[in-house]
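Engineer: pasting a predicted model and its sequence here:
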Amino acid sequence: SVGSAPQSCLTPIRVIPLMRMIHIELQHQSSTVTKTTAKQLAENLSKRLTECNMESLSVMSLATLLDPRFKTAGFFSPLKATEAVKRLKSECAAEMRSHEPDPAAEEPSTLIWRLRRA
């Protein structure tokens, strides 16, 4: 089970891993009666994943990546997992750059201590 907390709606954190788990389970169906149905369901699921590009949606992929239960293992496509990691690193770097102090705006009293450490 992907988390057992009762929820009334499916959160973005769970969409991609649940789709992956369903796909894996459908691949492992062994009886002849269910094999044909499971194969069709797996093909349709793969088609839907490709068409809607769920793993490329920033909200879905970052939510999956940041959840410690799933990280990159929750992704259907290893390539999409790698892209999500790159996107997250890029967003973090941009956020850090936007909060860097401007050295020209620093007071001279604090600037001297910074120069002394260098």
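Structural biologist: The structure has been received and is ready for your questions. Residues are numbered from 1 along each chain as shown.

Engineer: okay, and for this structure, where does confidence drop off?
Structural biologist: Flagging of the chain using pLDDT under 70 yields the residue ranges 1-10, 29-33, 50-51, 102-118.

Engineer: the helices in it, which residues?
Structural biologist: Along the chain, the stretches classed as helices by DSSP state H are 12-27, 32-52, 58-66, 78-98, 108-117.

Engineer: closest to Thr72 out of the ones you listed?
Structural biologist: Taking C-beta to C-beta, helix 78-98 is the member of the helices of the chain nearest to Thr72, at 4.0 Å. In short, each C-beta sits where N, CA and C put it, glycine included.

Engineer: just the C-alphas of the closest one, formatted as PDB.
Structural biologist: The C-alpha trace of helix 78-98 is given here as PDB (Å, rounded to 0.1, in the frame of the first residue of the first chain):
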ATOM      1  CA  PRO A  78      14.200   6.500 -15.400                       C
ATOM      2  CA  LEU A  79      14.700   9.300 -17.900                       C
ATOM      3  CA  LYS A  80      11.800  11.300 -16.400                       C
ATOM      4  CA  ALA A  81      13.200  10.800 -12.900                       C
ATOM      5  CA  THR A  82      16.600  12.100 -14.000                       C
ATOM      6  CA  GLU A  83      14.900  15.200 -15.600                       C
ATOM      7  CA  ALA A  84      12.900  15.800 -12.400                       C
ATOM      8  CA  VAL A  85      16.200  15.700 -10.400                       C
ATOM      9  CA  LYS A  86      17.800  18.200 -12.800                       C
ATOM     10  CA  ARG A  87      14.700  20.500 -12.600                       C
ATOM     11  CA  LEU A  88      14.700  20.400  -8.800                       C
ATOM     12  CA  LYS A  89      18.400  21.200  -8.600                       C
ATOM     13  CA  SER A  90      17.900  24.100 -11.100                       C
ATOM     14  CA  GLU A  91      15.000  25.500  -9.100                       C
ATOM     15  CA  CYS A  92      16.900  25.200  -5.800                       C
ATOM     16  CA  ALA A  93      19.900  27.000  -7.300                       C
ATOM     17  CA  ALA A  94      17.800  29.700  -8.700                       C
ATOM     18  CA  GLU A  95      16.100  30.200  -5.300                       C
ATOM     19  CA  MET A  96      19.500  30.300  -3.600                       C
ATOM     20  CA  ARG A  97      20.800  32.900  -6.000                       C
ATOM     21  CA  SER A  98      17.700  35.100  -5.600                       C
END
